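S.K.: below are the sequence and a predicted model; questions follow.
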Amino acid sequence: MSSFWMFVINDWIFAIPMLAMSVCGIALITWRILLNRGLLQNTEAHLETLKATLLKDGIKAAVTLNNNQKDWLGVLLFSAGIKGLGNGIPASRKEINNAVEFEIIPRLNFLLPTMLAIAKIATMVGLLGTVISMIGTFTKIQEAQGGVSEQAGSIGLALFATALGLVTAIPLVFSHVMFKAQINDFKLQIKKTVQKFIEMATTLKTPLKP
């Protein structure tokens, strides 16, 4: 641990930005996990509630009810579909498709490019720090009277830059891959949910209040 702090003190120009990237990476991963929690849960019960509200109170009341739920994905998805119902099922489907393409998918990918960028930059900065530190170390070795043994510690310090870069990059790259897989699962869930919504909408026989 003392060697690590020597690295932070001696090579602070690399260590501090990389530590900042590590903290930022942890924050981004946590933020993305929180954003993905509870999406499209209990859709069956929610659709039944929306159906009853549409039949009794109309489109505006159903939109208000839907907007009060915590699931942001469900809010965007169902609100678009409900608003389109005033012009029929095809219009509702079109509104849903627009919401998915222009609002939902971008929000599902939110923070992922930043995570991948930090992972790549951290790796490169770590390697750059190692190269620069080792160039300085080998220059001192050539000038030193005591030989290589006195500079072994300096070489070890130089390698901390690479290690810190990898420690930052590996969790970010892993999380990026996992979140991408989760987004694919969400896309499949969205298709199933849209189909359920359309099936529910086709059972609404009476004209809906605006």
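M.R.: Yep, that arrived. Residues are numbered from 1 along each chain as shown.
S.K.: quick check: which ranges of the chain have low pLDDT?
M.R.: The chain contains residues with pLDDT under 70 at 1-4, 7, 138-158, 205-207.
S.K.: can you list the domain ranges for it.
M.R.: 2-36+111-190, 43-108 (automatic domain parsing).
S.K.: tell me where the longest helix sits in this protein.
M.R.: If you go by DSSP state H, the chain has its longest helix at helix 152-202.
S.K.: and the domains of the chain as TSV, adding mean neighbour count?
M.R.: In short, each C-beta sits where N, CA and C put it, glycine included. Shown next, in TSV, are the domains of the chain (neighbours: other CB atoms under 10 Å):
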stretch	mean neighbour count
domain 2-36+111-190	16
domain 43-108	17
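S.K.: between those domains, which one is nearest to F197?
M.R.: Nearest of the domains of the chain to F197, taken as CB to CB: domain 43-108 at 5.1 Å.
S.K.: adding distance to F197, write the domains of the chain out as TSV.
M.R.: Listed next are the domains of the chain as TSV, based on distance: least, CB to CB, whole Å:
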stretch	distance to F197
domain 2-36+111-190	10
domain 43-108	5
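S.K.: K209: which of those domains is closest?
M.R.: Here domain 43-108 is closest among these (CB to CB), at 2.7 Å.
S.K.: ok, for A122, nearest residue in space, not its chain neighbours?
M.R.: When the adjacent residues along the chain are set aside, A122 lies closest to T168, with 3.9 Å between them (CB to CB, 6 or more residues apart in numbering).
S.K.: just the strands in the chain please.
M.R.: Remark: strands of the chain are absent; assignment by DSSP state E.
S.K.: how about residues contacting stretch 123-131?
M.R.: Residues outside stretch 123-131 that contact it (CB atoms under 8 Å, 6 or more residues apart in numbering): 11, 14-15, 17-18, 21, 158-159, 161-166, 168-169.
S.K.: hmm, back to that, any idea how far S22 is from the residue nearest to A122?
M.R.: To S22, T168 is 5 Å away according to CB to CB, to the nearest Å.
S.K.: backbone dihedrals for T203, please?
M.R.: Dihedral pair for T203: phi -90, psi -10, per degrees, to the nearest 10.
S.K.: residues near it, how many?
M.R.: 8 (other CB atoms under 10 Å).
S.K.: ok, the closest residue to it other than its chain neighbours - contacts?
M.R.: Spatial nearest neighbour of T203, chain neighbours left out: K51 (7.3 Å); criterion: CB to CB, 6+ apart. K51 makes contacts with M200, T203, L204, as judged by CB under 8 Å, 6+ apart.
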